[in-house]
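>>> need a 3D model of the following:
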Amino acid sequence: MNSEAPYWFDRAACKGLMAGAVHEQICWEECPVREQCLAYAMGVADWIGHAYMPHLVWGGYTGYAREQAMKETRYHVTNAVDLLERK
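Okay, here's the model as predicted:
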């Protein structure tokens, strides 16, 4: 994973919070870049090498929710993001 923060991160509602302190409510109520964050998590941050290993809350969804969406779409990132956003 690239260690540089994505271009949108400066506008994230969670900027400055410890990763474990971020919860879905912050994302849904306060974050102007929630959609970008979700796509980034599922397409970049959740991947360790060739393994999909979601963790923490990104884009308003827990790692478990993102993992379930990826499994349902056979790990097709765009379809998984769309699936979550339709729920």
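>>> okay, residue 37 and residue 47: tell me how far apart.
Between residue 37 and residue 47 the distance is 15 Å, computed by Cβ to Cβ, to the nearest Å. In short, each C-beta sits where N, CA and C put it, glycine included.
>>> neighbour count winner among these two?
With neighbours defined as other Cβ atoms under 10 Å, residue 37 and residue 47 compare such that residue 37 has more, 25 against 16.
>>> element containing the more buried one?
In the assignment (DSSP states H and E), residue 37 maps to helix 34-40.
>>> and for residue 14?
Assessed by DSSP H and E, residue 14 sits outside every helix and strand.
>>> can you check residue 6 too?
Using DSSP H and E, residue 6 maps to neither a helix nor a strand.
>>> what separation do you get for it and residue 69?
Using Cβ to Cβ, which is the criterion applied here, residue 6 is 20 Å from residue 69.
>>> between the two, which is the more surrounded one?
residue 69 (24 against 15).
>>> list the residues that contact the more buried one.
Under the criterion of Cβ atoms under 8 Å, 6 or more residues apart in numbering, the contact list for residue 69 reads 42, 61, 80-81, 83-84.
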